[in-house]
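Visitor: Just to be clear, the model below is a prediction. Sequence and coordinates:
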Amino acid sequence: MAISPIGLEKGDIVTFLEKTKPEVDRIIELYLPRKIDKSWLECVFGKPRYEYSLEPAQKALVDPMWDLLDRGGKRWRPVLFLLITEAVGGDIQKLKDMVIIPEIVHNGTLMIDDIEDMGELRRSKPCTHKIFGEDIAINAGNFMYYFPLITLYKKKNNFKEKNIIKAYEIYVQEMLNVSLGQATDIYWHKGRANTINESEYLQMCAYKTGCLSRMSAKLAAALSDCDDLVIEKVGHVAEAIGVAFQIQDDVLDISLKDEDRIAFGKPFGNDIKEGKRTLMIIQALKKADEKDRERLLEILNKHTDDLHERKEAIEIIKKYGGIEYASERARQIVKDAWKDTDALLKESPAKAKLKEFVNYLIERKV
């Protein structure tokens with residue numbers, strides 16, 4: 001099936017995602033078969049000096065990866081890649097294999113993040129490290145950071161050399177960025193910084209979450225032979241999407257109804273348990289009286305499993321308008337970033353679909 005992101009009726013973004021996702025998964029499986037053989041090992045790792053052992057590669061590398069990939073996820077970063085490609089006049093069929101780069105890297109970050117956060121559930125099932133062990137999960141997660149680059153060097157003859165070099169530069173920079181974003185988030189939720197301002201939080205999000213959507217958009221533009229201005233501008237709006245997506249994710253963590261929580265895939269108030277300093281919490285701490293501020297910090301810093309305490313923290317957040325503030329801030333971030341991109345991109349069905357897609361991500365209910 002040929003990928004073509006254009007042609008759906010206006011407002012049909014959910015259907016668009018659902019129709020594109022199987023094709024993204026098919027491309028992933030082209031490069032990552034569910035059952036591997038020694039020819040795959042040679043294709044990925046080169047000919048062995050001695051002899052490959054197939055079972056460890058299957059059981060300790062490929063199986064954990066597919067266990068996580070098969071749980072779903074919206075695959076919105078690959079969709080963003082495709083929309084940006086078409087919006088800047090790129091060739092979808094030529095670039096489509098590259099959609100696996102942001103998606104597999106993203107899932108690798110989830111696998112590692114769950115270990116760092118001592119997570120229990122991911123997409124409504126036990127985290128990878130709970131099933132396969134921390135050692136296997138760490139190694140598989142790290143492999144996912146690098147494996148999808150196979151598409152770049154296997155397809156390098158299809159692109160100008162300067163575009164391939166630019167793609168590698170984008171990838172390396174964004175992978176550096178994601179590590180700093182994660183380091184900042186870890187440091188904060190360990191209770192080592194009670195005073196965090198909004199700008200610091202947004203920068204953390206821009207690196208922890210925004211960089212993979214930014215990577216997706218910039219790769220699409222670079223491999224479509226766009227100039228540096230276009231690459232940077234589409235990267236900016238994609239970063240804003242990632243930041244807004246993270247803020248909305250934080251809002252859903254404490255506001256989602258019980259009947260929708262299975263689709264969301266995380267337990268109620270998980271960010272409270274982890275001690276995360278979200279934008280809602282930063283706003284609440286800024287506005288709260290001394291008693292409420294101290295109590296909210298106490299609950300966050302104890303990483304509580306107590307449902308009553310989680311609800312108490314959420315009531316403090318609500319009391320000071322944290323949810324409303326965060327939701328509105330997410331909308332404004334994307335609105336401001338879109339202005340530059342709007343002026344840069346020519347009017348087209350792809351641009352219209354891209355705008356719909358952006359709005360969906362920040363207004364989503366699960």
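Guide: Done, it's in.
Visitor: Do I have it right that residue 254 meets residue 316?
Guide: No. Judged on C-beta atoms under 8 Å, residue 254 makes no contact with residue 316 at a distance of 11.0 Å. (C-beta placed from N, C-alpha, C; glycine too.)
Visitor: for stretch 357-366, what is the average pLDDT?
Guide: What stretch 357-366 shows for mean pLDDT is 75.
Visitor: Give me the contacts around stretch 294-302.
Guide: Stretch 294-302 has contacts (C-beta atoms under 8 Å, 6 or more residues apart in numbering) with 189, 191, 194, 272, 275-277, 281, 284-285, 288, 309-310, 312-313, 316-317.
Visitor: ok, now with 10 Å
Guide: Stretch 294-302 is contacted from outside by 188-192, 194, 269, 271-277, 281, 284-285, 288, 304, 306, 309-310, 312-317, 319-320, 322, using C-beta atoms under 10 Å, 6 or more residues apart in numbering.
Visitor: who touches residue 152 in this structure?
Guide: Per C-beta under 10 Å, 6+ apart, neighbours of residue 152: 97, 98, 101, 159, 164, 167, 168, 171, 219, 223.
Visitor: Neighbour-wise, which one of the residues you listed leads?
Guide: Counting neighbours by other C-beta atoms under 10 Å, residue 219 leads the contacts of residue 152 with 28 neighbours.
Visitor: In terms of secondary structure, what does the helix or strand where that residue lies contact?
Guide: Residue 219 belongs to helix 210-223 when assigned by DSSP states H and E. Using 3 or more C-beta pairs under 10 Å, 6 or more residues apart in numbering; DSSP states H and E, the elements in contact with helix 210-223 are helix 76-87, helix 92-95, helix 100-116, helix 161-187, helix 198-208, helix 228-255.
Visitor: now do 6 Å
Guide: Packing contacts for helix 210-223, counted by 3 or more C-beta pairs under 6 Å, 6 or more residues apart in numbering; DSSP states H and E, involve helix 76-87, helix 100-116, helix 161-187, helix 228-255.
Visitor: Now render those helices as a markdown table, adding distance to residue 134 and mean pLDDT.
Guide: Output for these, formatted as a markdown table (distance: least, C-beta to C-beta, whole Å; pLDDT from 0 to 100):
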| stretch | distance to residue 134 | mean pLDDT |
| --- | --- | --- |
| helix 76-87 | 26 | 94 |
| helix 100-116 | 6 | 96 |
| helix 161-187 | 16 | 96 |
| helix 228-255 | 24 | 92 |
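Visitor: Please identify which helix or strand holds the residue of the chain positioned farthest from its centre.
Guide: What lies farthest from the middle of the chain is residue 50; by C-alpha atoms, centre = their mean that is 38.4 Å. Assigned by DSSP H and E, residue 50 belongs to no helix or strand.
Visitor: contacting residues for residue 268?
Guide: Taking C-beta atoms under 6 Å, 6 or more residues apart in numbering, we find residue 268 in contact with no residue.
Visitor: Give me the three-state assignment for it.
Guide: coil (DSSP: H, G, I helix; E, B strand; the rest coil).
Visitor: just the one 4 residues further on next, same as before
Guide: Applying three-state DSSP to residue 272 yields a three-state assignment of helix.
Visitor: Isn't it up against residue 312?
Guide: No. Assessed by C-beta atoms under 6 Å, residue 272 is found out of contact with residue 312, at 9.3 Å.
Visitor: where does this protein dip in pLDDT?
Guide: Applying pLDDT under 70 to the chain flags the ranges 1-11, 194, 257-267, 364-366.
Visitor: how near is residue 355 to residue 24?
Guide: Here residue 355 is placed at a distance of 21 Å from residue 24 (C-beta to C-beta, to the nearest Å).
Visitor: what about those two, which has more around it?
Guide: The residue with more neighbours, out of residue 355 and residue 24, is residue 24; 22 against 17, by other C-beta under 10 Å.
Visitor: I figured the more buried one was touching residue 76, is that so?
Guide: No. Assessed by C-beta under 6 Å, residue 24 is found out of contact with residue 76, at 10.0 Å.
Visitor: Show the buried residues in the contacts of stretch 294-302.
Guide: Neighbour counting with 16 or more other C-beta atoms under 10 Å marks 188-189, 269, 271-277, 281, 284-285, 288, 304, 309-310, 313-314, 316-317, 320, 322 as buried within the contacts of stretch 294-302.
Visitor: now, which of those residues lie within helices?
Guide: Those of the buried ones among the contacts of stretch 294-302 mapping onto helices are 271-274, 281, 284-285, 309-310, 313-314, 316-317, 322, per DSSP state H.
Visitor: Quickly name whichever of those is closest to residue 59.
Guide: Among those, residue 274 lies closest to residue 59 (C-beta to C-beta), at 30.0 Å.
Visitor: what sits against that closest one?
Guide: Neighbouring residues of residue 274 by C-beta under 6 Å, 6+ apart: 117, 189.
Visitor: Please report how far it lies from residue 114.
Guide: Counting by C-beta to C-beta - residue 274 and residue 114 are separated by 11 Å.
Visitor: Kindly report the same for residue 281.
Guide: Using C-beta to C-beta, one obtains 21 Å as the distance from residue 281 to residue 114.
Visitor: how about the helices in the stretch 1-150 of the chain?
Guide: Here the stretch 1-150 of the chain has its helices, by DSSP state H, counting those that start in this stretch, at 13-31, 38-45, 54-57, 63-69, 76-87, 92-95, 100-116, 128-132, 134-146, 150-154.
Visitor: Relative to the whole chain's centre, how far out is the second one?
Guide: Its chain's average C-alpha position is 28 Å from that of helix 38-45, according to C-alpha atoms, centre = their mean, to the nearest Å.
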